[in-house]
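Peer 1: give me a 3D structure for the following:
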Amino acid sequence: MDRLFLQLEVFRQKGDLDAMEQKLNEILSIDENNLKALEMLSNLYINLWKEKKAFPLLKRLIQIDMENDNAIWNLAKIYLNLW
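Peer 2: Numbering: from 1, shown residues only. Sure thing, here's the model as predicted:
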């Protein structure tokens, strides 16, 4: 798993957002409840204005970690934008 996160860091430093998304999805296919990957991918989607993709990730993240302020804040912003 550490190797995958190292590859992800290389993509982040290069600014290759598509490769980052693919690598994060690969990590989540191995461990669907990986907090770090869930948070990174949901933040990536929020930053890319892909709220529909971020929504289920944020919900799962909050179910696993109910005290994740960042996930709660981002989910609240999505709900507000829907209204």
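Peer 1: now the residue most central in space within the chain. Nearest residue, chain neighbours left out?
Peer 2: Geometric centre of the chain, nearest residue: Leu41, 2.1 Å, by C-alpha atoms, centre = their mean. In this structure, Leu41 finds its nearest non-sequential neighbour in Leu24, 4.1 Å apart by C-beta to C-beta, 6 or more residues apart in numbering. Just so you know, the C-beta spots here come from the backbone N, C-alpha and C atoms, and that holds for glycine as well.
Peer 1: contacts only, for that neighbour.
Peer 2: Counting by C-beta atoms under 8 Å, 6 or more residues apart in numbering, Leu24 touches Leu8, Ala37, Met40, Leu41, Leu44.
Peer 1: same check on Asn25?
Peer 2: Asn25 touches Leu41, counting by C-beta under 8 Å, 6+ apart.
Peer 1: now Leu17
Peer 2: Residues in contact with Leu17 (C-beta under 8 Å, 6+ apart) are Leu44, Leu48.
Peer 1: fine, thanks again, bye for now.
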